[in-house]
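Trainee: need a 3D model of the following:
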Amino acid sequence: MSQDQTGRRVVAIAPMPPEKSAYALARYSRSPDSIEGSIQWVHGHSSEKFWEQFYFDYGHASIADLGHVTICFENISELAAVRLEDESLWDGQAKSSRYQNFASDRWFVPGQIRGSETEALYEGVLRSLSEIYRQLHEPLKQFLSEREPRPESMKAADYDRTIAARAFDITRYLLPLAAKTNVGQVVSIRTLEKQITRLLSSQLPELRGIGEDLKGACQRPPVNLWSELCGQTSGGSNDPLAPTLARYAKTNAYQESVYSDLARHAKEALRGTGWDQPNTWGTVESVELMDLHHPLDEIVTTLLYRVSQAPYRKILEIVKGWSEKEKHATIEVAMKQRGPYDELIKEFRSGYAFTFDVLMDIGAWRDMHRHRRCQQVQQNFTTVHGYDVPPPLVEAGLDREYRQAMDAVRQDIELLRKKDQEASLYAIPFGFKVRCLFKMDYAEAEYISKLRSGVKGHWSYRTVAWQMKQQLARRYPYLGEQIQATPPDIDDTLTR
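Mentor: Got it, this is the predicted structure:
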């Protein structure tokens, strides 16, 4: 604590149970007491009653931003990790496919196929991917080390790690969404409550199970290993993490039904337009900057885009020809189940000056997914858009094995889809493409283009970032010129 003659104080507060710290800070903002006085007051009063009254009954959601938690999820699928991270106010890290070998890990198996013939097919697909993942790693390391010999100025250990990381950059294209990973997050308990509700409302059993586990973790005292290692005992170590939030978090009818409702509506409303036929889409750009258009057209197109596989441009062309009544019908489907405290789904977040429709491999999209200062609307994972071939595989003469593996997996996924759609989703490798809208302001466009095009990055998202700058520069030359992006043909393999 610091204090001077003016009476000014700056006080750092030790960690407290998050519901109690949020309560203390909320009261602190509504009383003349010092922070110590507010903490003492809260210590003698029920935080449970406070949360029940103000957060759940009155809907004062912002108070839950004042308490934070650290949560770790271990041995979950990559697919589950993606959905965990679907929060706009979220800080976390997932196990890196660049710096760790995934070959030794098992994969997630959906519960409903265990012990069935479908499980055997599923396991066969994943084993084949795992085998080629292992087989390609050493030849790739050899090729990269021959192409980029170690400079005398670089330590051997640093060089070996860098070459291995670059090899994993390539072999990760073979990792399926079923690959197991770990995720660590630091979030407010407001975000935590939203996350639990969203998970419990998911169509995927794995996510619902994680939601229940997360509720359970909130009802128990947190792991206090650091204090134990330091020989300390924390006074709050026996308090449950966030018991009130956990008790009230539940399935949300709006979130549970809105996307399936929209999918049914889209199928009927767009019948006969060719929206779901790739051969009617015309030239498909990997990155396309949309022209500005009416907010109603944007919202309707985005809602339909989310439940389709078509380019945004194609759907927008159809929507522009609709009557106002037809457009309103889509909005009504997306809002009919909404309750009094339900936020609109993120597809309604519109009005950004720059909307990019991006088609890229799943692995690189996982990296781009980290950007929180933009709105992302991702279509479902699929094999319909084909897969990318990493350029170094071609240069190393190893692309034939890769193509054979991916072609065989695509056929097997189609067989799986007929038996179990959920299993076929988990079997999709990172190399297949996914389509996603990125809506942003100029500052974020500049940031992504500059950061993600740098030589330290993966070539796939480097190309996307460079194309974002190029598209913007063609539309707004002066603004595009201000973006200091790096062309993807400028490379430095040994920079990490």
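Trainee: do you know the pLDDT at residue 99?
Mentor: Residue 99 carries a pLDDT value of 75.
Trainee: got a list of what it touches?
Mentor: 161, 165, 168 (CB atoms under 8 Å, 6 or more residues apart in numbering). C-beta here means a position set from N, CA and C on the backbone, and glycine is covered the same way.
Trainee: can you give the strand pairings for the helix or strand where residue 187 lies, parallel or anti for each?
Mentor: Residue 187 belongs to strand 180-188 when elements are defined using DSSP states H and E. According to DSSP bridges, strand 180-188 forms sheet pairs with strand 68-77 (antiparallel), strand 91-94 (antiparallel).
Trainee: which parts of the stretch 351-496 of the chain are helices?
Mentor: If you assign secondary structure with DSSP state H, counting those that start in this stretch, the helices in the stretch 351-496 of the chain sit at 362-368, 391-395, 399-419, 421-426, 442-452, 459-475, 477-481.
Trainee: can you list the low-confidence ranges for the stretch 351-496 of the chain?
Mentor: 495-496 (pLDDT under 70).
Trainee: which residues of the stretch 151-300 of the chain fall in helices?
Mentor: 156-171, 189-200, 205-218, 225-229, 243-248, 253-269, 295-306.
Trainee: including mean neighbour count and mean pLDDT, could those go into a markdown table?
Mentor: Below are the helices of the stretch 151-300 of the chain laid out as a markdown table (neighbours: other CB atoms under 10 Å; pLDDT from 0 to 100):
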| stretch | mean neighbour count | mean pLDDT |
| --- | --- | --- |
| helix 156-171 | 18 | 92 |
| helix 189-200 | 22 | 93 |
| helix 205-218 | 18 | 96 |
| helix 225-229 | 10 | 85 |
| helix 243-248 | 20 | 82 |
| helix 253-269 | 17 | 96 |
| helix 295-306 | 22 | 98 |
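Trainee: in JSON lines, list these along with distance to residue 472.
Mentor: Shown next, in JSON lines, are the helices of the stretch 151-300 of the chain (distance: least, CB to CB, whole Å):
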{"stretch": "helix 156-171", "distance to residue 472": "27"}
{"stretch": "helix 189-200", "distance to residue 472": "31"}
{"stretch": "helix 205-218", "distance to residue 472": "36"}
{"stretch": "helix 225-229", "distance to residue 472": "46"}
{"stretch": "helix 243-248", "distance to residue 472": "42"}
{"stretch": "helix 253-269", "distance to residue 472": "30"}
{"stretch": "helix 295-306", "distance to residue 472": "18"}
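Trainee: do you know which of those helices lies nearest residue 367?
Mentor: For the helices of the stretch 151-300 of the chain, the distance to residue 367 is smallest for helix 156-171, at 10.5 Å, taking CB to CB.
Trainee: follow-up on the earlier one: just put the contacts of residue 99 in a markdown table and tack on distance to residue 353.
Mentor: Formatted as a markdown table, those follow (distance: CB to CB, whole Å):
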| residue | distance to residue 353 |
| --- | --- |
| 161 | 41 |
| 165 | 36 |
| 168 | 37 |
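Trainee: pull the distance from the strand holding residue 187 to the chain's centre.
Mentor: How far strand 180-188 lies from its chain's middle: 11 Å, per CA atoms, centre = their mean, to the nearest Å.
Trainee: and the contacts of that strand?
Mentor: With CB under 8 Å, 6+ apart, strand 180-188 has contacts from 64-78, 81, 84-85, 87, 89-95, 105-108, 195.
Trainee: mind listing the strands for the stretch 251-400 of the chain?
Mentor: 287-289, 354-361, 375-378 (DSSP state E, counting those that start in this stretch).
Trainee: so which of the ones you listed gets nearest residue 432?
Mentor: Nearest of the strands of the stretch 251-400 of the chain (CB to CB): strand 354-361, 6.9 Å.
Trainee: what lines up beside that closest one in the sheet?
Mentor: Strand 354-361 has these strand partners (DSSP bridges): strand 287-289 (antiparallel), strand 433-440 (antiparallel).
Trainee: point out the most buried one among those strands.
Mentor: strand 433-440 (a mean of 22; mean count of other CB atoms under 10 Å).
Trainee: what's the angle between that one and helix 459-475?
Mentor: Here strand 433-440 runs at an angle of 50 degrees relative to helix 459-475 (axes from the mean of the first three to the mean of the last three CA atoms, to 10 degrees).
Trainee: and strand 433-440, how far out from the chain's middle?
Mentor: The answer for strand 433-440 is 12 Å, by CA atoms, centre = their mean.
Trainee: what's that strand in contact with?
Mentor: Under CB under 8 Å, 6+ apart, the answer for strand 433-440 is 302, 305, 309, 311-312, 349-350, 352, 354-362, 365, 368, 371, 373-379, 381-382, 385-388, 448.
Trainee: circling back to that earlier point, can you put the strands paired with strand 180-188 in JSON lines and add mean neighbour count and mean pLDDT?
Mentor: Listed next are those as JSON lines, based on neighbours: other CB under 10 Å; pLDDT from 0 to 100:
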{"stretch": "strand 68-77", "mean neighbour count": "17", "mean pLDDT": "94"}
{"stretch": "strand 91-94", "mean neighbour count": "16", "mean pLDDT": "92"}
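Trainee: and the helix ranked longest in the chain, what does it pack against?
Mentor: With secondary structure taken from DSSP state H, the chain has its longest helix at helix 117-147. In terms of contacts (3 or more CB pairs under 8 Å, 6 or more residues apart in numbering; DSSP states H and E), helix 117-147 is packed against helix 156-171, helix 391-395, helix 399-419, helix 421-426.
Trainee: picking that back up, the strand holding residue 187: which residues count as buried?
Mentor: Neighbour counts over strand 180-188 (16 or more other CB atoms under 10 Å) mark 180-181, 183, 185, 187-188 as buried.
Trainee: now the angle from that strand to helix 189-200?
Mentor: 140 degrees.
Trainee: quick one, what contacts residue 329?
Mentor: 265, 269.
Trainee: right, I mislabeled it, should have said residue 71
Mentor: 184-185, 187, 192, 214, 217.
Trainee: what distance separates stretch 13-28 from the centre of its chain?
Mentor: That offset, for stretch 13-28, works out to 29 Å (CA atoms, centre = their mean).
Trainee: can you pull the buried residues of it?
Mentor: Quick answer for stretch 13-28 (16+ other CB under 10 Å): 16-28.
Trainee: can you check stretch 119-139 too?
Mentor: 119, 121-122, 125-126, 129-130, 132-133, 135-137.
Trainee: distance from it to the middle of the chain?
Mentor: The answer for stretch 119-139 is 25 Å, by CA atoms, centre = their mean.
Trainee: who's in contact with that stretch?
Mentor: 101-103, 107, 109-110, 113, 167-168, 170-171, 174-176, 178, 393, 396, 398, 401-402, 405, 408-409, 412-413, 415-416, 419-420, 423, 426-427, 429.
Trainee: how about the CA coordinates for that stretch, as PDB?
Mentor: Extracted in PDB, the C-alpha atoms of stretch 119-139 (Å, rounded to 0.1, in the frame of the first residue of the first chain):
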ATOM      1  CA  GLU A 119     -16.500 -47.100 -33.200                       C
ATOM      2  CA  ALA A 120     -14.300 -49.500 -35.100                       C
ATOM      3  CA  LEU A 121     -14.600 -47.300 -38.300                       C
ATOM      4  CA  TYR A 122     -14.000 -44.200 -36.200                       C
ATOM      5  CA  GLU A 123     -10.900 -45.600 -34.600                       C
ATOM      6  CA  GLY A 124      -9.600 -46.700 -38.000                       C
ATOM      7  CA  VAL A 125      -9.900 -43.200 -39.300                       C
ATOM      8  CA  LEU A 126      -8.100 -41.700 -36.400                       C
ATOM      9  CA  ARG A 127      -5.400 -44.300 -36.300                       C
ATOM     10  CA  SER A 128      -4.600 -43.700 -40.000                       C
ATOM     11  CA  LEU A 129      -4.300 -40.000 -39.300                       C
ATOM     12  CA  SER A 130      -2.100 -40.600 -36.300                       C
ATOM     13  CA  GLU A 131       0.200 -43.000 -38.200                       C
ATOM     14  CA  ILE A 132       0.800 -40.600 -41.100                       C
ATOM     15  CA  TYR A 133       1.300 -37.800 -38.500                       C
ATOM     16  CA  ARG A 134       4.100 -39.800 -37.000                       C
ATOM     17  CA  GLN A 135       5.600 -41.000 -40.300                       C
ATOM     18  CA  LEU A 136       5.900 -37.500 -41.800                       C
ATOM     19  CA  HIS A 137       7.500 -35.800 -38.800                       C
ATOM     20  CA  GLU A 138      11.100 -37.100 -39.100                       C
ATOM     21  CA  PRO A 139      11.400 -36.700 -42.900                       C
END
